[in-house]
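Participant: can't give you the sequence, but here's the structure:
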């Protein structure tokens, strides 16, 4: 197969992956705490000989997570928490500690604050936050201090991965990380608010059109190359 076809096929594969990423962003434009993603393309160049031009191929080798702030919406619910600035909530999952910006929590009958998926919210020491029996007038300060009746009972720990490049989207609004996490002093917590998605539907739709056109151009090139190769085979065979 001609090298140009190989190069185009790798490009088409990457564009298809980007199209899927953009579609997922659009689908989560109204998801609480969602962070939009983008595809990172890498170029691979290989020499083919002293008298032959090098071959360049592009692959979609990774994803980039956009951590830009999303708008906050007031709900008035005491266990709805939104972050303004940097940082993530820590939650305990069966596979270990993960991070999220989706702050809609509810207490279990035992008082443990959990996510809609049933994962426990962790304090700054990495332990599940459990409200004591009879806790009332729950208040959450901007620094994450949780109090009941005016007395502190726990403190949320807002953290960031030590290496932001190691942040990896797991599912929904949850992220895994490699290495350690570090406290962030920049984030503030707002009780009775939820942070929305940072996806701009208008931008994502425009991006989808752009990617689709690029894919169609590549497909048209492959069809022309296929016709050319068939014509050569027929000529040689005749």
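Facilitator: Yes, it's here. Remember, predicted model here, so these are calculated numbers, not experimental data.
Participant: Please make it C-alpha for all contacts and neighbour counts, starting now.
Facilitator: Noted.
Participant: which other residues reach stretch 145-162?
Facilitator: Contact partners of stretch 145-162, identified using CA atoms under 8 Å, 6 or more residues apart in numbering, comprise 86-90, 122-126, 129, 131, 135-140, 143-144, 167, 177-184, 187.
Participant: go with 7 Å
Facilitator: For stretch 145-162, contacts defined as CA atoms under 7 Å, 6 or more residues apart in numbering pick out 87-89, 122-124, 129, 135-140, 144, 167, 177, 179-184.
Participant: mind checking the end-to-end distance for that stretch?
Facilitator: 23 Å (CA to CA, to the nearest Å).
Participant: Just give the nearest non-adjacent residue to residue 72, would you?
Facilitator: Distances taken as CA to CA, 6 or more residues apart in numbering place residue 195 nearest to residue 72, at 4.4 Å, with adjacent residues excluded.
Participant: OK, contacts around that neighbour?
Facilitator: 32-33, 70-73, 82-83, 102.
Participant: downstream neighbour of the lowest-mean-pLDDT helix or strand in the chain in the secondary structure list?
Facilitator: Least confident helix or strand of the chain, by mean pLDDT, DSSP states H and E, is strand 55-65 with a mean of 73. Next helix or strand after strand 55-65 toward the C-terminus (DSSP states H and E): strand 72-74.
Participant: Quick check: residue 30 touching residue 197?
Facilitator: Yes: if you go by CA atoms under 7 Å, residue 30 and residue 197 touch, sitting 5.9 Å apart.
Participant: Could you check which of these two has the larger neighbour count?
Facilitator: A count of neighbours by other CA atoms under 10 Å puts residue 197 above the other of residue 30 and residue 197, at 24 against 15.
Participant: what's near enough to touch the more buried one?
Facilitator: If you count contacts by CA under 7 Å, 6+ apart, then residue 197 has 29-35, 70 around it.
Participant: filter the residues you listed to the buried ones?
Facilitator: By neighbour count, with 16 or more other CA atoms under 10 Å, those hold 29, 31-35, 70 as buried.
Participant: need these in TSV with distance to residue 228 and secondary structure, can you?
Facilitator: As requested, the buried ones among the contacts of residue 197 are exported to TSV (distance: CA to CA, whole Å; DSSP: H, G, I helix; E, B strand; the rest coil):
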residue	distance to residue 228	secondary structure
29	44	coil
31	48	coil
32	51	coil
33	50	coil
34	46	coil
35	45	coil
70	50	coil
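Participant: ranges for the helices of this structure?
Facilitator: Assigned by DSSP state H, the chain shows helices spanning 3-27, 201-237.
Participant: any idea which of the contacts of residue 195 is the one closest to residue 114?
Facilitator: Ranked by distance to residue 114 (CA to CA), these are led by residue 102 at 11.4 Å.
Participant: I figured residue 144 hits residue 189, correct?
Facilitator: Yes: with contact defined as CA under 7 Å, residue 144 reaches residue 189; the gap is 6.2 Å.
Participant: where does the chain dip in pLDDT?
Facilitator: 1-3, 6, 43-44, 47-48, 53-58, 60-61, 238 (pLDDT under 70).
Participant: One more pass at 90, please.
Facilitator: 1-18, 38-65, 125, 133-137, 149-151, 157, 161-172, 178-187, 211, 214-238 (pLDDT under 90).
Participant: buried residues in stretch 123-131?
Facilitator: Applying 16+ other CA under 10 Å to stretch 123-131 flags 123-124, 128-131 as buried.
Participant: Report how far apart the opening and closing residues of it are.
Facilitator: With CA to CA, one end of stretch 123-131 sits 12 Å from the other.
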